[in-house]
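*Asks:* sequence? don't have it. structure:
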């Protein structure tokens, strides 16, 4: 076999390959189709349940069976994606109308995951069977081959309601994402009916029917005036609040009861909310909280915050809106696949696509029904005619040698070879002109059909068939008749499955919360060698000063309104607000510094900690493992960011020492191999924090700086080095960038 080498530009190949991949993710996985509002995995799962005949009024079937069958026939992308989609379709707190009836543990609104698929069972919901999967046998949608071309699957389900609005959608594709909120089924049906009757309706006019989102968790939409712009553009932010009531508690206390939550709080958001409320009490943002309890159950959400009797409830609720996720925004991006390509759609455009799809499905349905009725009419007319000529037909059948001869006579009047009792019968037989289908029906007709009542029933059946033909022809030829049929069907769905709106829509006033100014005071931040930090007041520190200095690695005096700076060996500086550090008793453990800053204990090592005011006040001296030294003006560390680069490091280098320059005069560098170099600090130049610095000591090939010491004039400073006492003040001064002296032991 000869080789064929194609020369092409590599970037063009990569570009085309990436485009193909992106479109595959967008169209075949991540985004819903505007016509049925379903992603491919959802569509395939529901269709597979339909094929397995797992009906709403039948027994439940194991989810493992459904997932396995779907994966094997239609969706070869892994069982977890199929089961996750199935679970979401059954969760009434995520979908406006659940499309699957789940039996077993399908997760909870508080973030509990569903049980394994081998334990759970499911069946189709009634609305899914009647409004999503009905008429699939009437050629209403196109079928396409599955991934291995062994099965056929629908390219879209013949959904009879605007599911993309009713159940919304969420999905992340390549370079784009969709986020469509759920809506009330009754309102959406009313909007579709209005649009069908008058396609010139604008989004503003349609919003007389579709008031706004209707989340399954309820809540309050606060920015009603902004909804028009959101629905006209398909983009925007909906501000949602939880529903809060004030009740009388025990002992004169006030209970703040949250009975509905924002849709964005589903899952771990509830536990996060409880932690945020507890943090408000711990950080002294409020002193009103007595207790917090989550009393949610089968009856619904009920989170109770017990407050003191003199609590300003309005101020407290506003604080919850401002400081927690009790008020949140739902980002709207109504992106869907329309005409085979992703588009951001307005409300009016969504109704246009849904209405066009309804007309298309209904047209194909009634064309199929009409063709079947016309076929029935043909056969019925043949049987009625045969009953009137039954004696002649029996004579033909008895005189024929085989079925083919009899059929040829019935269809074309060919009498050759057939024995007739009389010439009149032969003449009459020659005039017969039944159709192929009529002839087959006559030949297969049973004798009991000759009973008088059966003949009358056949005539009545023919009359019904003719009535259906006239009806279907009228629907197909008259646009108004088609609309009337569709509206009647929509009204039945509304009556059967419609529910009251859960989400309240209003223009709520902006929550105003004025945080009480914290009285400024001095306190001490203690950090032990394990990275746990806590605050204590001055009096507590003074009483336990010696113990505090013995047990803690860093002791920082600062204001309660300030920040602390955590410098790491990796050259980073993390800041943390002092008010975020818990205030407690001397023996309290405190919290890990990771919880109040971006510091990561597993990846970083703390070198120095100080208050930000001290860092700003003094110049900071940096020394690294590879003996790079520099002085940095402390003002450079006065930043608002939680994390900044404190210094620039060479490869395989790290910070060994950081100190604020207060009254130090000399610096002593000690290397791993026992070399000591003492020189005047003034020899170290001042640099910017993003500079590497200058070399402090010449090091051997495998040597590095192990310790750094500082001395002051007239103050004795001794250290223990390998069981030998060294007097640093008496050590000879050298020059920066020299090798130093080796200490013999």
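*Replies:* Yep, that arrived. Being a predicted model, the structure only gives us computed values, none of them experimental. Residues are numbered from 1 along each chain as shown.
*Asks:* pretty sure residue 33 sits against residue 339.
*Replies:* No: if you go by C-beta atoms under 8 Å, residue 33 and residue 339 don't touch, sitting 10.1 Å apart. The C-beta positions use only the backbone N, C-alpha and C, and glycine is treated the same way.
*Asks:* the two: which is more packed in?
*Replies:* residue 33 (24 against 8; other C-beta atoms under 10 Å).
*Asks:* what bridges to that one?
*Replies:* For residue 33, the beta-bridge partners are residue 337 (DSSP bridges).
*Asks:* can you tell me the closest non-neighbouring residue to the spatially most central residue of the chain?
*Replies:* Geometric centre of the chain, nearest residue: residue 170, 5.5 Å, by C-alpha atoms, centre = their mean. Nearest residue to residue 170, sequence neighbours excluded (C-beta to C-beta, 6 or more residues apart in numbering): residue 179, at 5.6 Å.
*Asks:* secondary structure class for the one you found?
*Replies:* strand (DSSP: H, G, I helix; E, B strand; the rest coil).
*Asks:* where's it relative to residue 389, distance?
*Replies:* 70 Å (C-beta to C-beta, to the nearest Å).
*Asks:* over to residue 326?
*Replies:* 83 Å.
*Asks:* same question for residue 624.
*Replies:* 112 Å.
*Asks:* ditto for residue 189
*Replies:* Relative to residue 389, and taking C-beta to C-beta, residue 189 is found at 53 Å.
*Asks:* repeat that for residue 205.
*Replies:* Counting by C-beta to C-beta, the gap from residue 205 to residue 389 is 63 Å.
*Asks:* rewinding a little: which of residue 624 and residue 389 has more neighbours?
*Replies:* Taking neighbours as other C-beta under 10 Å, residue 624 and residue 389 compare with residue 624 leading, 27 against 16.
*Asks:* need the contact list for the more buried one.
*Replies:* 647, 649-650, 653-656, 693, 705 (C-beta atoms under 8 Å, 6 or more residues apart in numbering).
*Asks:* go with 6 Å
*Replies:* Residues in contact with residue 624 (C-beta atoms under 6 Å, 6 or more residues apart in numbering) are 653, 655-656.
*Asks:* pretty sure residue 601 contacts residue 594?
*Replies:* Yes: applying C-beta atoms under 6 Å, one finds residue 601 in contact with residue 594, separated by 5.5 Å.
*Asks:* quick revisit: most neighbours among the contacts of residue 624, which one?
*Replies:* residue 655 (22 neighbours).
*Asks:* ok, now which ones touch that one?
*Replies:* Applying C-beta under 6 Å, 6+ apart, the residues contacting residue 655 are 569, 571, 607, 624.
*Asks:* isn't there a strand covering residue 640?
*Replies:* No: Residue 640: not assigned to a strand; according to three-state DSSP it is coil.
*Asks:* tell me the spacing between it and residue 575.
*Replies:* Applying C-beta to C-beta to residue 640 and residue 575 gives a distance of 8 Å.
*Asks:* now do residue 216
*Replies:* Distance from residue 216 to residue 575, by C-beta to C-beta: 41 Å.
*Asks:* how about residue 11?
*Replies:* 43 Å.
*Asks:* neighbour count winner among those two?
*Replies:* Between residue 11 and residue 575, counting by other C-beta under 10 Å, residue 575 is the more crowded of the two (23 against 8).
*Asks:* the more buried one: what secondary structure?
*Replies:* strand.
*Asks:* tell me the confidence at residue 5?
*Replies:* Residue 5 is assigned a predicted lDDT (pLDDT) of 77.
*Asks:* any low-confidence regions in the protein?
*Replies:* 1-2, 18, 20-28, 447-454, 512-518, 745 (pLDDT under 70).
*Asks:* cool, thanks, talk later.
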